[in-house]
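Undergrad: fold the following and give me the result.
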Amino acid sequence: MKIILDAMGGDNAPLAAVTGAAMAAQAFKEEIILVGDQDTINGILRERRWDGALPGGKLTVVHAPDVVDMHDDPATVLRHKPESSMAVALKMLKKGEGDAVVSAGNTGALLSGATLYGGRIKGIRRAALAPMMPCRGGQVMLVDAGANTECTPEYLLQFAFMGSLYMERMAGLKKPRVGLVNNGTEDTKGDPLRRETYALLRAAGDAGRINFVGNVEGSGVAFGECDVAVCDGFAGNILLKTLEGVAKFMGGEIKQVFLHSLMTKLGYLACKKGMDAFQEQFNQDKIGGAPFLGVARPVIKAHGSSNETAFMNAVRQAIAYTQSGMIEAVQQNIEYMTVGKAE
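TA: Numbering: from 1, shown residues only. Prediction:
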């Protein structure tokens with residue numbers, strides 16, 4: 001398998017991207033194609049004493065002289081920068097020169113490029129960004145987390161099906177619980193978008209197509225009341241950033257409590273194992289990235305601040321996603337994802 005990695009995308013690129021790629025090539029025994037400034041990448045490889053042949057894996061470098069900046073216009077940047085590392089990587093994917101693309105670059109540009117070069121699965125209206133978030137008892141997939149700020153009920157119906165299929169194939173869950181993020185659990189709650197979507201998801205659930213558990217409040221998402229949390233990208237992005245912010249805030253406050261005195265520091269030592277486990281729940285480096293569900297070719301969005309471990313795990317996720325048959329599963333179920341056919 002060949003995984004194409006945008007080596008210039010992300011806050012810590014190219015060093016973290018190249019290092020993560022080398023770690024992935026050795027760990028997963030696959031070929032990683034590094035796309036970016038050839039001199040810079042080769043300089044890192046020489047400095048770290050890596051060459052193209054690593055134990056069990058392989059690194060290949062493809063030159064791309066330009067870079068997509070985080071401040072570039074997502075809708076037009078790939079046309080204006082056709083020789084950027086992101087554009088070259090996506091064009092390689094389109095030509096079949098690799099099996100998946102991983103990038104920590106501009107999210108909007110990557111989504112536009114993935115749709116432009118990879119195409120959407122036939123019948124899918126919009127691709128969705130679907131990250132995993134920690135919750136009580138495990139993890140929950142949030143779909144959509146920001147790719148589509150304006151949605152129709154049909155979009156959310158498709159997000160629900162794709163999220164359910166992902167959790168079945170990637171997380172090994174049987175009948176994953178699908179919840180609609182809303183401002184209350186009653187079936188009459190929400191604006192017209194939420195109420196119309198509820199009716200579609202209920203019909204799909206009654207037909208046995210998905211395991212719909214009804215409306216779920218934001219607090220319910222954190223408490224693990226569903227395995228797939230469905231919402232439009234506007235609400236989803238706010239929910240995601242709020243949960244991330246609260247986790248960082250609480251972590252900082254707990255740290256200050258333990259640093260208050262000698263006795264509290266001793267107390268920390270007594271419960272260090274539990275605190276380490278708590279912090280590990282919020283370690284995004286383990287997850288690596290989020291897939292763009294609905295795109296016809298595997299594209300993984302790594303976090304903008306990814307370090308080498310996160311890049312390695314994003315490659316791992318790209319390999320698993322490619323092997324999962326997820327895209328084929330969506331194609332096989334597309335008839336149930338259209339308004340009027342969900343039942």
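
Undergrad: hang on, Ala64 packs against Ile33?
TA: No: using C-beta atoms under 8 Å as the test, Ala64 is too far from Ile33 to be in contact (11.0 Å). Just so you know, the C-beta spots here come from the backbone N, C-alpha and C atoms, and that holds for glycine as well.

Undergrad: which residue of these two possesses the greater neighbour count?
TA: Counted by other C-beta atoms under 10 Å, Ala64 and Ile33 do not tie: Ala64 has more neighbours, with 26 against 21.

Undergrad: gap between the more buried one and Glu83?
TA: Distance, Ala64 to Glu83, by C-beta to C-beta, to the nearest Å: 6 Å.

Undergrad: strands of the stretch 201-343 of the chain, start to end?
TA: 211-216, 228-230, 289-293, 299-302 (DSSP state E, counting those that start in this stretch).

Undergrad: sheet partners, orientation included, of the third one?
TA: Strand 289-293 has these partner strands in its sheet, going by DSSP bridges: strand 128-129 (antiparallel), strand 299-302 (antiparallel).

Undergrad: re the thing from before, in a markdown table, list the strands of the stretch 201-343 of the chain along with distance to Val77.
TA: Below are the strands of the stretch 201-343 of the chain laid out as a markdown table (distance: least, C-beta to C-beta, whole Å):
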| stretch | distance to Val77 |
| --- | --- |
| strand 211-216 | 36 |
| strand 228-230 | 29 |
| strand 289-293 | 17 |
| strand 299-302 | 15 |
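
Undergrad: mind listing the helices for the stretch 101-250 of the chain?
TA: Under the criterion DSSP state H, counting those that start in this stretch, helices of the stretch 101-250 of the chain are mapped to 107-113, 153-170, 192-206, 218-222, 233-258.

Undergrad: save these as CSV, and put in mean pLDDT and mean neighbour count too.
TA: Below are the helices of the stretch 101-250 of the chain laid out as CSV (pLDDT from 0 to 100; neighbours: other C-beta atoms under 10 Å):
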stretch, mean pLDDT, mean neighbour count
helix 107-113, 93, 24
helix 153-170, 96, 24
helix 192-206, 96, 18
helix 218-222, 95, 17
helix 233-258, 88, 15
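
Undergrad: would you list those in a markdown table and tack on distance to Met23?
TA: Formatted as a markdown table, these follow (distance: least, C-beta to C-beta, whole Å):
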| stretch | distance to Met23 |
| --- | --- |
| helix 107-113 | 22 |
| helix 153-170 | 21 |
| helix 192-206 | 40 |
| helix 218-222 | 32 |
| helix 233-258 | 25 |
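
Undergrad: so for Lys29, which of the ones you listed sits nearest?
TA: Between Lys29 and these, the tightest spacing by C-beta to C-beta is seen for helix 153-170, at 20.3 Å.

Undergrad: helices or strands up against the closest one?
TA: Applying 3 or more C-beta pairs under 8 Å, 6 or more residues apart in numbering; DSSP states H and E, one finds that helix 153-170 makes contact with strand 128-129, strand 138-143, strand 177-181, helix 192-206, strand 228-230, strand 289-293, helix 326-333.

Undergrad: would JSON lines of those with distance to Ala89 be doable?
TA: Converted to JSON lines, the helices and strands packed on helix 153-170 look like this (distance: least, C-beta to C-beta, whole Å):
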{"stretch": "strand 128-129", "distance to Ala89": "18"}
{"stretch": "strand 138-143", "distance to Ala89": "24"}
{"stretch": "strand 177-181", "distance to Ala89": "32"}
{"stretch": "helix 192-206", "distance to Ala89": "34"}
{"stretch": "strand 228-230", "distance to Ala89": "29"}
{"stretch": "strand 289-293", "distance to Ala89": "14"}
{"stretch": "helix 326-333", "distance to Ala89": "18"}
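
Undergrad: ok, Met263 - contacts?
TA: Listed by C-beta atoms under 8 Å, 6 or more residues apart in numbering, Met263 has no contact partners.

Undergrad: state the distance from it to Val257.
TA: 11 Å.

Undergrad: same question, Ala109
TA: For Ala109, the distance to Val257 - C-beta to C-beta - is 42 Å.

Undergrad: likewise for Gly96?
TA: Separation of Gly96 from Val257 (C-beta to C-beta): 55 Å.

Undergrad: kindly report the same for Pro291.
TA: Separation of Pro291 from Val257 (C-beta to C-beta) stands at 38 Å.

Undergrad: try Phe223
TA: Phe223 is 23 Å from Val257, by C-beta to C-beta.

Undergrad: count of residues packed around Pro131?
TA: Neighbourhood size, Pro131 [other C-beta under 10 Å]: 21.

Undergrad: nearest spatial neighbour of it, chain-adjacent residues omitted?
TA: Ala290 (3.8 Å; C-beta to C-beta, 6 or more residues apart in numbering).
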